[in-house]
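K.L.:
just need the structure, nothing else, for what follows:
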Amino acid sequence: MSDIAAKIAALEAQIAALRAEAPPPAQRIEADTASDNIQASAGRDALVLREITIAPGGTLVVGGQPLDLPPDPADIQAALVAYLHSLFERYCFLNLTGLAGGARQARVELRSVFVSVRTDYTIPDLGALLGEQADDAPRRSTRMTLKSPAQLSDDLRRWLDELLPPEDRQWLVAADAAPQPDSGRAAPDDHREQVVRMLQARRTALELIRHEPALVLLGDPGSGKTTVLRHLALGFAHARLHADAPGAALDPELAWDGPLPLPILVQLRRFAEGLSGPPASADPLLRHIEGVLADDRLDALARHLLARLEAGSVILLLDGLDEVADDTRRAWVSQAAARFQSRFPKSRVVLTSRIYAYRDTCMLPPPFRVVTIQPLEQPAQDDFLLRWYRAALLQGSELAGDEQERAAQERSRELIDALSRRPRLREIAANPLLLTMIALVHQHRYRLPQQRADLYKECLLLLLDQWEQRRAEGEPAGLAVELGVPDQTDRLALIQPIAYELQLCGREEASNREARRWLLERFLDLANGDGERAKALIGRFLDFLEGRSGLLIARDIKERYAFPHKTFQEYLAARELIRSERMLEEIVDHRHAATWREVILLVAGQLVAGGLVREARAIAWKLLDADPEGSEGFYRSAALAGEILEELGGVLGREGQSLKEQVVTALVQLVQGGALGANERVDAAFLLARLGDPRLPAPKHPAYWCDVAPGPFWYSDDQKGELKQVCLDYAYKIARFPVTNAAFADFMEAGGYEREAWWTPEGWKYSQRSRWSEPRYWRDSRYNEPTQPVVGVSWYEAAAYCIWLTEHGHRERWLPADAEIRLPTSLEWERAARGDDSKRRYPWGDDPPTPEHSNYGETGIGQPAPVGCFPLGAAGCGGEDMAGNVYEWMCSTGEQPERAQKDFTPDTGALLSWSYFGDSSEYLCCGSRIRYSPCNWNYSWSFRVLWSPRST
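P.N.:
Down below sits the predicted model:
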């Protein structure tokens with residue numbers, strides 16, 4: 001072995017010398033194993049020894065066994081620089097064809113128009129830190145409720161370290177400290193309010209990527225999931241390549257502790273294509289990444305990847321779980337991501353998916369945190385539009401700098417004003433992709449469509465306008481004339497087969513050969529059956545789509561084509577499906593495929609927009625009849641039929657009304673019966689709320705209430721094991737569900753915020769001072785569906801609702817004169833939740849919580865669910881949602897949990913049940929409580945009411 005080792009060392013020295021002096025393509029080395037005589041001879045593929053072979057890339061084979069030589073550091077550095085340049089070139093520019101007019105393609109840097117997107121995640125445990133939670137809380141006190149920094153959770157401490165400078169952290173966690181003004185700084189109270197508002201805000205996707213070791217980023221189509229990953233990869237690449245150059249500073253949200261990690265962006269649909277079964281380790285994903293790097297001739301970097309991953313110097317960006325075609329492969333991909341994160345826990349992992357595709361076996365376990373991108377808020381929309389027009393005017397504009405800025409301000413203001421006058425478009429503009437389309441259309445057509453499908457069409461036609469520019473530029477008459485398709489809409493029909501066939505294949509890329517084959521039939525018609533001419537036209541057409549319009553993106557030197565965004569493919573596939581004589585049959589065939597859901601809805605929307613209401617209704621009828629009643633497929637089809645009803649809007653007619661009744665009946669069965677998983681039930685409940693949910697009775701109906709008998713029960717904190725037996729000697733009724741937005745709207749419509757008689761004295765004073773006129777989050781689409789629990793309400797507002805409902809019940813005579821509606825005491829609430837004389841830990845018993853029992857963190861919904869979606873978690877009395885979903889106000893204190901207190905001063909604390917949709921399972925027990933000032937409110941705080949004898 002010593003001789004072989006010496007020979008290996010000699011060979012390594014020769015290899016190093018050859019690398020340093022640019023050797024010929026390959027060499028052959030012959031050695032006499034009985035002596036030290038080693039001779040080299042030329043060869044093409046490898047360095048070969050009688051016992052030792054050195055293949056390209058540095059693999060050393062000794063006695064037939066491979067032995068890897070470490071890559072040269074210079075090679076690694078060169079590969080790293082090449083890789084960062086490739087990231088920069090790939091993601092630096094947005095394709096904004098047509099933005100500035102003319103034939104030239106506009107190239108606008110992504111970072112010049114990027115605006116950060118917020119998620120549904122807020123910092124946990126802030127309530128233990130901040131004495132005042134409400135945005136408009138009085139400034140009478142800067143005192144914090146937390147006495148010692150040691151009381152901070154590790155997660156909260158990390159957030160404060162990341163978001164606040166040391167001076168703010170110091171006063172925030174000190175009981176008697178307040179921020180001190182200094183030069184150029186706001187007064188203490190103003191500064192405190194700014195800090196509190198910032199901490200209470202929903203965290204951005206980039207902040208969470210920086211904070212979480214493993215993250216799942218969900219979002220609707222076009223919500224910005226992929227753009228976030230590309231912005232991050234681009235930012236890191238630019239900062240590493242140009243560390244000393246002006247303007248190389250990172251986006252502040254990308255600020256990183258320590259060296260920047262190496263971003264690796266993986267398209268999950270490509271990874272999934274190589275899977276033959278569920279992965280047993282991290283190896284399949286690791287091999288795929290190494291293969292992608294090797295394909296880009298970055299072998300040295302690929303060979304160094306393992307060390308980087310183990311050191312935590314990589315951030316893996318897994319894009320597009322929803323783009324994996326079927327549920328089985330999506331589950332495999334999720335398993336691969338989980339195993340990869342477990343194998344390399346020091347390296348961050350981010351995975352993106354559309355919301356509908358992330359469910360059941362695709363859901364990732366801890367430490368993955370699941371968050372959902374929220375609609376773009378109006379200030380962010382306005383900021384984007386200004387950035388957009390600045391970028392647009394840089395392309396081909398003859399205006400000077402100041403004139404460009406004024407023009408950008410004017411044009412963006414025109415569009416902002418137009419959106420303000422058209423609420424439906426303002427709602428659409430909350431989607432970043434659609435907002436970009438709106439800006440494109442406004443830039444060129446000076447008008448804005450109302451419907452989503454119309455907007456897609458306008459944007460596609462805008463891109464096709466490039467055809468008309470050939471004449472203006474002195475080029476030949478153009479492809480449009482030669483093809484004989486002067487009408488733009490007909491031109492869209494030429495592109496549709498590619499989109500449709502890709503949709504059938506469950507892919508987003510077509511080979512050049514596939515694209516030509518799929519177009520051939522349509523172009524043969526245009527060429528009057530002349531095959532050669534049809535093929536020539538197809539070639540010109542593909543060149544135009546890729547080079548002139550941007551409707552197709554060419555990859556691998558035009559060997560593969562893809563649409564710029566999946567939304568374009570889905571819209572065009574829907575248009576093609578409408579042309580088919582088998583439209584209904586094909587929709588039925590694809591009804592359960594997640595990748596076809598948006599296509600089917602776009603078909604229905606286009607039919608309705610074209611006045612073909614009967615045809616749209618026929619789709620829904622077909623879906624209802626497609627599966628055996630009561631099966632999982634039946635309920636999924638019914639939910640899709642319900643979404644088609646939404647596309648119909650108010651255009652129902654008698655037949656449509658019958659259809660709606662059947663759909664609603666099926667959805668009610670789904671929500672109440674638990675036939676599908678929690679996430680699908682919640683989606684169905686949201687749909688029911690928009691169609692009209694018949695599940696929820698009014699307070700005057702007996703079904704609204706659950707009877708609670710007198711008797712002993714166990715009370716107090718399950719978490720600490722401090723249960724004691726107490727007894728309530730009177731009967732009462734408690735509401736089956738928390739008060740919904742629809743129910744609270746009745747209070748508001750009755751003048752609830754204007755009638756002093758319905759408020760407690762302290763509540764009225766505080767309400768007037770704070771100028772409340774509605775719950776906080778009342779206009780937030782995440783919280784204002786009719787059947788969601790009302791949130792953003794203080795104890796004072798909950799008490800006012802109870803006083804109003806008592807008066808209403810007496811007037812309508814469904815409530816006896818000797819009874820009242822009020823909030824429950826802590827004892828009453830727990831008696832209803834825990835039931836009779838038992839020590840059950842949870843309302844449903846002692847079985848450990850699962851997402852079927854409750855809406856909590858593991859359920860992954862990320863917002864209050866419509867009430868009544870978790871029948872398995874019901875209490876013995878029939879009360880639902882008594883664990884998770886929302887906190888619930890009570891009318892007692894921790895010191896006197898049995899006493900129904902009529903009013904509270906702002907500096908005292910009322911109890912709430914302590915579990916909500918973002919909590920871990922440990923807080924779901926019946927005795928969890930927390931105390932807050934009655935003037936506080938939060939996006940997770942609600943209440944349920946109690947029917948009580950006056951004497952209690």
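
K.L.:
pop the domain breakdown of the chain in here.
P.N.:
2-69, 147-166+173-197, 207-372, 377-450, 480-576, 580-688, 710-949 (automatic domain parsing).

K.L.:
any low-confidence regions in the stretch 251-400 of the chain?
P.N.:
296-297, 395-400 (pLDDT under 70).

K.L.:
and if you look at the stretch 601-750 of the chain?
P.N.:
650-651, 717-721.

K.L.:
show me where it has its helices.
P.N.:
Along the stretch 601-750 of the chain, counting by DSSP state H, counting those that start in this stretch, helices occupy 613-624, 632-648, 653-673, 678-691, 741-749.

K.L.:
what's the closest of those to Leu537?
P.N.:
helix 613-624 (32.4 Å; C-beta to C-beta). In this view, the C-beta of every residue, glycine as well, is placed from N, C-alpha and C.

K.L.:
tally of neighbours for Pro699?
P.N.:
Number of residues near Pro699 (other C-beta atoms under 10 Å) recorded here: 19.

K.L.:
Arg579 too?
P.N.:
11.

K.L.:
touching, it and Gln496? I think so.
P.N.:
Yes. The criterion here is C-beta atoms under 8 Å, and Arg579 meets it with Gln496 at 7.5 Å.

K.L.:
can you redo the helices of the stretch 601-750 of the chain as TSV with distance to Leu492 and mean neighbour count?
P.N.:
Below are the helices of the stretch 601-750 of the chain laid out as TSV (distance: least, C-beta to C-beta, whole Å; neighbours: other C-beta atoms under 10 Å):
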stretch	distance to Leu492	mean neighbour count
helix 613-624	20	20
helix 632-648	20	21
helix 653-673	29	17
helix 678-691	31	22
helix 741-749	41	18
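
K.L.:
okay, those in JSON lines with distance to Trp941 next?
P.N.:
Shown next, in JSON lines, are those (distance: least, C-beta to C-beta, whole Å):
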{"stretch": "helix 613-624", "distance to Trp941": "38"}
{"stretch": "helix 632-648", "distance to Trp941": "30"}
{"stretch": "helix 653-673", "distance to Trp941": "24"}
{"stretch": "helix 678-691", "distance to Trp941": "20"}
{"stretch": "helix 741-749", "distance to Trp941": "13"}
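
K.L.:
to Trp829, which of those lies closest?
P.N.:
Using C-beta to C-beta, the nearest of the helices of the stretch 601-750 of the chain to Trp829 is helix 741-749, at 18.4 Å.

K.L.:
picking up where we left off before, quick check: which of the domains of the chain is nearest to Cys92?
P.N.:
domain 207-372 (6.1 Å).

K.L.:
just the terminal-to-terminal distance for that closest one.
P.N.:
Domain 207-372 stretches 13 Å from its first residue to its last (C-alpha to C-alpha, to the nearest Å).

K.L.:
tell me how far that domain is from the chain's mean position?
P.N.:
How far domain 207-372 lies from its chain's middle: 15 Å, per C-alpha atoms, centre = their mean, to the nearest Å.

K.L.:
check stretch 507-515 too.
P.N.:
29 Å.

K.L.:
return the residues in contact with Met198.
P.N.:
Contacts for Met198 were tallied using C-beta atoms under 8 Å, 6 or more residues apart in numbering; they are Leu163.

K.L.:
repeat for Glu508
P.N.:
Arg269, Glu323, Leu502, Ala562, Phe563, Lys566, Gln569.

K.L.:
where does it land in three-state SS?
P.N.:
coil (DSSP: H, G, I helix; E, B strand; the rest coil).

K.L.:
and it, how close does it get to Gln496?
P.N.:
Distance of Glu508 to Gln496, computed by C-beta to C-beta, to the nearest Å: 15 Å.

K.L.:
what about the strands in the stretch 251-400 of the chain?
P.N.:
Using DSSP state E, counting those that start in this stretch, the strands found in the stretch 251-400 of the chain span residues 262-267, 314-319, 348-354, 369-372.

K.L.:
just say which of the ones you listed is most tucked in.
P.N.:
Of all these, strand 348-354 carries the top mean neighbour count, a mean of 25, counting by mean count of other C-beta atoms under 10 Å.

K.L.:
packing partners of that strand?
P.N.:
Identification of packing neighbours for strand 348-354 by 3 or more C-beta pairs under 8 Å, 6 or more residues apart in numbering; DSSP states H and E yields strand 214-219, helix 225-241, strand 314-319, helix 327-343.

K.L.:
quick one: the helices in the stretch 451-600 of the chain?
P.N.:
Under DSSP H, counting those that start in this stretch, the stretch 451-600 of the chain gives helices at 452-464, 469-472, 479-483, 488-505, 512-526, 531-544, 566-579, 583-589, 597-609.

K.L.:
so for the first one, mean pLDDT?
P.N.:
When you say that, I think you mean helix 452-464. Helix 452-464 shows a mean pLDDT of 78 in the predicted model.

K.L.:
how about the second one?
P.N.:
Helix 469-472 carries an average pLDDT of 44.

K.L.:
what do you get for the fourth one?
P.N.:
Per-residue pLDDT values across helix 488-505 average out to 88.

K.L.:
what does the third one give?
P.N.:
Computed over helix 479-483, the mean pLDDT rounds to 63.

K.L.:
test my guess that Pro375 contacts Ala430.
P.N.:
Yes. Between Pro375 and Ala430 there is a contact under C-beta under 8 Å: 3.4 Å.

K.L.:
out of these two, which sits in the busier spot?
P.N.:
Ranked by neighbour count (other C-beta under 10 Å), Pro375 and Ala430 place Pro375 first, with 21 against 18.

K.L.:
contacting residues for the more buried one?
P.N.:
Taking C-beta under 8 Å, 6+ apart as the criterion, Pro375 is in contact with Ser223, Ala430, Asn431, Ser781.

K.L.:
from those residues, which is closest to Glu647?
P.N.:
Distances from Glu647 to these, taken as C-beta to C-beta, are shortest for Asn431 (17.1 Å).

K.L.:
thanks a lot, catch you later.
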